[in-house]
Every structure is written in C-alpha cells, then in structure tokens.
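3D model of this:
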Amino acid sequence: MSHTAEWTVRLYLFEDEGTTKARVVLESGTTSLTGHGAAHCNPVDTDVPEIGDELAAGRALHDLARQLVDAAEGDIEALGTSATSREALSAVGWAM
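As a prediction, this is how the structure comes out:
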C-alpha cells in the first residue's frame, strides 16, 4: 500500500499591543484545518519578540496537531474500529 501526499502548512504571526497571535493553516487538497495560539507579554518583562513568536506558533501547532489526532480518531471509528486511547495513539508511530 504505497501512498505519497503533499500538504501545505502556512504559519501567520500577528503582533497586537503585547500579544502575539498565531494562525497555522493546513491544506491537504481535500481538507483544511486551522490552529490558533497566542502569547501575552507581561509589561514588566523584557520585550523579546522571538519568545512571543515561538510560544504563539508552538501553541497554534499544538492546536493543529490535536485537530489532526481527533480527525484520525474519527476516521478510525467511521471504519467500525474503536479508537484507542489518546495515550496509545501518541505512543505508536510510522517507521521512518
């Protein structure tokens, strides 16, 4: 069962008065998913934009990852197979 696919992921970062917001969009050709994340700078902290970018982007990617796992679980259940626990899914991976 050979399968090759190409997905496009775009990450957008926005700065707004001490808050960095991130939006990550995945396009698979048949599906589009969007993850969101934010990071808030404490006014007493040193302003280091890279930290806000990293936190907001990481949170948006984490949100997207959760959506992908939820979609996979739904697809597994639609096939009539009970989805395994989230812990079991995270422990199983594809060989590289």
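
quickly list what Gly37 is bridged to.
Gly37 has these beta-bridge partners by DSSP bridges: Ala22.

contacts only, for it.
For Gly37, the contact set (C-beta atoms under 8 Å, 6 or more residues apart in numbering) comprises Lys21, Ala22, Val24, Leu55, Ala56, Ala57, Gly58, Arg59, Ala60, Leu61, His62, Asp63. C-beta coordinates here come from the backbone N, C-alpha and C atoms, glycine included.

and what of Thr34?
Arg23, Val24, Val25, Leu26, Leu64.

the helices in this protein, which residues?
49-78, 86-91 (DSSP state H).

export the contacts of Gly37 to TSV and append columns for neighbour count.
Shown next, in TSV, are those (neighbours: other C-beta atoms under 10 Å):
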residue	neighbour count
Lys21	18
Ala22	24
Val24	23
Leu55	17
Ala56	25
Ala57	20
Gly58	13
Arg59	19
Ala60	23
Leu61	17
His62	13
Asp63	17
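
and which of those is nearest Arg10?
Closest approach to Arg10 among those (C-beta to C-beta): Val24, at 7.0 Å.

that closest one reaches Ser32, doesn't it?
No. If you go by C-beta atoms under 8 Å, Val24 and Ser32 don't touch, sitting 11.4 Å apart.

report the separation between the residue most central in space within the chain and Pro49.
Residue closest to the average C-alpha location in the chain (C-alpha atoms, centre = their mean): Leu64, at 2.3 Å. From Leu64 over to Pro49 the distance is 22 Å, taken as C-beta to C-beta, to the nearest Å.
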